[in-house]
Structure formats: C-alpha cells, structure tokens
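Chemist: mind folding the following:
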Amino acid sequence: MAGPLSHVRVLDLSRVLAGPWASQILADLGADIIKVERPGIGDDARAWGPPFLKDRNGEYTKESGYYLAANRGKRSITLRLDAPEGQDIVRRLAAKSDVVLENFKVGTLDGFGLGYDALRAINPRLIYCSITGFGQTGPKKSHLAYDFLIQAMGGLMSVTGESDDRPGGGAQKVGIPIVDLTTGVYAAVALLAALAGREVSGEGEHIDIGMLDVQVGLLANQAMNYLVGGRNPRRTGNAHPNIQPQQVFSCKDGEVVLVIGNEGQFQRLCAVLCRPELATDERFATNAGRVKHRNILVPEIQKAFARETRAYWAERLSQAGVPCGPINSVAEVFEDPQVRQREMLRFLPHPSGTSVPQVVSPFRFKNAPLAYGNPPPLLGQHSEEILHELGIDGPGIAELREGGIV
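Modeler: Coordinates of the predicted model:
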C-alpha cells in the first residue's frame, strides 16, 4: 500500500544531516523526495568516511556510512544553484512541489532568487522550511554551526559527562549528533503540521528552525531545575539528578542500567537484591530521601550487583517489574531479540550491485505499513528521470550536461 504521504512531493535542497534526516522521515512515510546536489561533489556527507559501502566486487563506492544513514527513499538530481539555468529548474520543480526544505546560510537562496518569497510567488501553497544553526533572526543568524558546537552552546555538554571531581570528569558531547537528528525530527513534525494546516487555509508557510533553539528546548527538566530551583545544573555522570537510584551498576561481566521511577519499584528492587531493610530505612523511603542520601545508598546497591552477571540481574529485575537492562554495544543492539523481532534492520538492493543495510523507521502503521523500496541514491542517479518529468528532452538534457549545470 502507498504510504500516508504518497501524495506529497518534497524538493530537498538540504545536505549533511538535519535536513536530510527530516526528508528521510517524510520519504519513509511515502513522500516523493527530490534531492538536489552539487554536480560532481554532491552532499558533503557522501565523503564523510570511512567507512564506505563496498560494491559487489568488494570495491569501495563513494557512499559513506554517514550519507547512507539519512538518504533512503530519495531521488537524486545534480544542479548548479549558482547558475541561472539551474535556478530555473529549481523554480520549475518548486512549482510542482508541496514542500521545499533547505539549510543554506541565511540569505544565500534569496541571492539566487530561490528564497521563500520568490518561490511563494510561483506556488502560493508551497511550504518552505529553513533549517539553520541559529534561525533567521538574531545576532548569530549568519554564523556557521555544527552539531558539536550547538551541543556546547546550548548547554547540553554542561550537563553531560562525569562530574569534575571524579576520574574522567569534564564536559562530554553525546555519542551521536543528537541536535542534528532532533532538529530533523522537529522539522518533519513542523512540515506535517503545515501540510495539515494547508488543508484548512489553502495557504503555504515558511518554517524557521534553528538548531540552537532546538537544543535549548531539549534542556527540558534541566532547564526547569535551574529556572525553578535557581541552581545551575552540574554534570553528574550517569546518576540522575532528580531520581534515585537511576544510574549504572557494575556486574561480574559488564554493566547494567537501573531505572527506579517510584516507591513500589524501589521496594521490589530491594527484595530482589535480598536487601529488604533498605526499603524500610527512613533515609531511603522516599525519592527525595534517596536523592539526598545517594552517596550512602548507591554503594550498598553496587555491592549486590557485583555478585552476579548482567543477564542474571536483567532477567530477575525485569520479572519483578523493575526496569533494568545491559549497556549494549552497537553490535549487541542488532542481536537483541526485541530489535530483531521489530525488524529495525533491513537490507535494500543498491545500484552498485550489493545490498545496503538500513536502520528503518520506528513508525508502525497497521493499515498502511511502510515500504522501503529505494536505497540512498547514487549522485545524480535520477537527474534524467526528473528532467524528463519537467518536459526537458534528450537534447536539452545533453546541453545542460555540457554546460555543467547537471
């Protein structure tokens, strides 16, 4: 069955991760994504390796793992946006599209005649989404930004990592480009909202998403800890600042994460650990008490965990209704029976003659299951196909190629 967005066409002028992540979400939902890339170079992320995909002969392709993570289900066309001929093709594509997605520096596309106002004049129903580091307004609007930088500027690194008084203490970034990815999710949500709103108003929209805004929003409970409590949050490693016990414990063969969210769970934990007296100790009877006396409580729990293996505690505690699980490596994640049952890893045929692994969408639709037919495209793989759809014939395409436009 066609995906729920099979009636939507997205003209994707974005590159690297935040924009492509948003458009991949829409592609998984069935939208037709036309990915515009620079001739001969393409999306910067194509070169962000190793590793690179190997073809059927064992030779490396030009598709990095980074690029392959965010471009499934799209069609690639190469265009020079700084050339009038390329700009004209973008306008013709925008006239037939529902969405334009871009992440250029503020003002760049306006200079090419491809900004929101220019394209809206061609297609009043167009939804135009601009993703930048700092948004379309403000003193930093023209500054360059990457995920690592925004994690630092947006406060995330100030609360991530071991506390300064412990070995290995200091600020840490998250192990994945979390701001890029979350910005992509926010962009996709905003686009879906704008598409729904257009059904009522009949009008398009310009969506302005700044990565720093996204990261500030992600501060969530840590922001409110500061705004309500008046104290600047500090790094606490894996220990939760507001809920205890909720952190990492060492077992015979590795580490597990224990997450206690209420008093009943804590009581059941103490029973499984054969330490029922901890549950009745007035210092630990409430979450507030456990947070206050964590330096006493945590070592006692650690002694119990050290006696058995990760699997032992994960099984025993899960049976008791206490959230606990191992810290898996990435390899172990894809061997997890739950992940395998949910088919989060699938393999798609690639134009190079091999297959490409894909971590697919977490969306599950009962009546319109998602389909994953198209792997991340080769650079310019669909240029002729898309140009033909615009009515440009063979000689016209040849002329564009000779001029270096596509």
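Chemist: need the contact list for residue 266.
Modeler: 245, 260, 279, 284, 287, 290 (C-beta atoms under 8 Å, 6 or more residues apart in numbering). From N, CA and C alone the C-beta is placed, and that goes for glycine too.
Chemist: again, 10 Å this time
Modeler: Listed by C-beta atoms under 10 Å, 6 or more residues apart in numbering, the contact set of residue 266 reads 244-245, 260, 278-279, 284-287, 290, 297, 322.
Chemist: what's the PyMOL line that selects buried ones from the residues you listed?
Modeler: Applying 16 or more other C-beta atoms under 10 Å to the contacts of residue 266, the buried members can be selected in PyMOL as follows:
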select buried, resi 244+245+260+278+279+284+287+290+297+322
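Chemist: want to throw the contacts of residue 266 into CSV with secondary structure, distance to residue 18 and pLDDT?
Modeler: Output for the contacts of residue 266, formatted as CSV (DSSP: H, G, I helix; E, B strand; the rest coil; distance: C-beta to C-beta, whole Å; pLDDT from 0 to 100):
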residue, secondary structure, distance to residue 18, pLDDT
244, coil, 35, 93
245, coil, 36, 95
260, coil, 35, 95
278, helix, 45, 96
279, helix, 46, 94
284, coil, 43, 96
285, coil, 46, 92
286, coil, 42, 94
287, helix, 36, 95
290, helix, 38, 95
297, helix, 41, 96
322, coil, 37, 96
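Chemist: return the member of the contacts of residue 266 nearest to residue 93.
Modeler: Nearest to residue 93 out of those is residue 260 (C-beta to C-beta; 53.3 Å).
Chemist: ramachandran coordinates for the closest one?
Modeler: Reported as degrees, to the nearest 10, the phi and psi values for residue 260 are phi -100, psi 120.
Chemist: what of residue 10?
Modeler: The phi/psi pair for residue 10 (degrees, to the nearest 10) is phi -120, psi 130.
Chemist: contact partners for it?
Modeler: By C-beta under 10 Å, 6+ apart, the contact set of residue 10 is 22-23, 26-27, 31-35, 74, 97-101, 127, 129, 191.
Chemist: that one bridge partners, please.
Modeler: residue 33, residue 99 (DSSP bridges).
Chemist: about what we covered before: could you redo the contacts of residue 266 as a markdown table and give each row distance to residue 225?
Modeler: As requested, the contacts of residue 266 are exported to a markdown table (distance: C-beta to C-beta, whole Å):
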| residue | distance to residue 225 |
| --- | --- |
| 244 | 15 |
| 245 | 19 |
| 260 | 19 |
| 278 | 26 |
| 279 | 27 |
| 284 | 22 |
| 285 | 23 |
| 286 | 18 |
| 287 | 15 |
| 290 | 17 |
| 297 | 21 |
| 322 | 25 |
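Chemist: show me where the stretch 101-250 of the chain has its strands.
Modeler: Here the stretch 101-250 of the chain has its strands, by DSSP state E, counting those that start in this stretch, at 127-132, 205-210, 246-251.
Chemist: identify whichever of these lies nearest to residue 153.
Modeler: Closest among the strands of the stretch 101-250 of the chain, using C-beta to C-beta: strand 205-210, at 11.2 Å.
Chemist: between the contacts of residue 266, which sits nearest residue 229?
Modeler: Distance to residue 229 across these (C-beta to C-beta) is lowest for residue 287, with 15.7 Å.
Chemist: what about the closest residue to the closest one other than its chain neighbours, how many neighbours?
Modeler: Setting aside the residues directly before and after it, residue 287 is nearest to residue 243 in space (C-beta to C-beta, 6 or more residues apart in numbering), at 6.2 Å. Other residues near residue 243 come to 16 when the count uses other C-beta atoms under 10 Å.
Chemist: separation between residue 243 and residue 221?
Modeler: 10 Å (C-beta to C-beta, to the nearest Å).
Chemist: gap between residue 96 and residue 390?
Modeler: Distance, residue 96 to residue 390, by C-beta to C-beta: 8 Å.
Chemist: return the set of buried residues in stretch 32-52.
Modeler: Going by neighbour count (16+ other C-beta under 10 Å), the buried part of stretch 32-52 is 32-39, 42-43, 45-46, 49, 52.
Chemist: how about stretch 335-354?
Modeler: Result for stretch 335-354 [16+ other C-beta under 10 Å]: buried residues 344, 348, 350, 352, 354.
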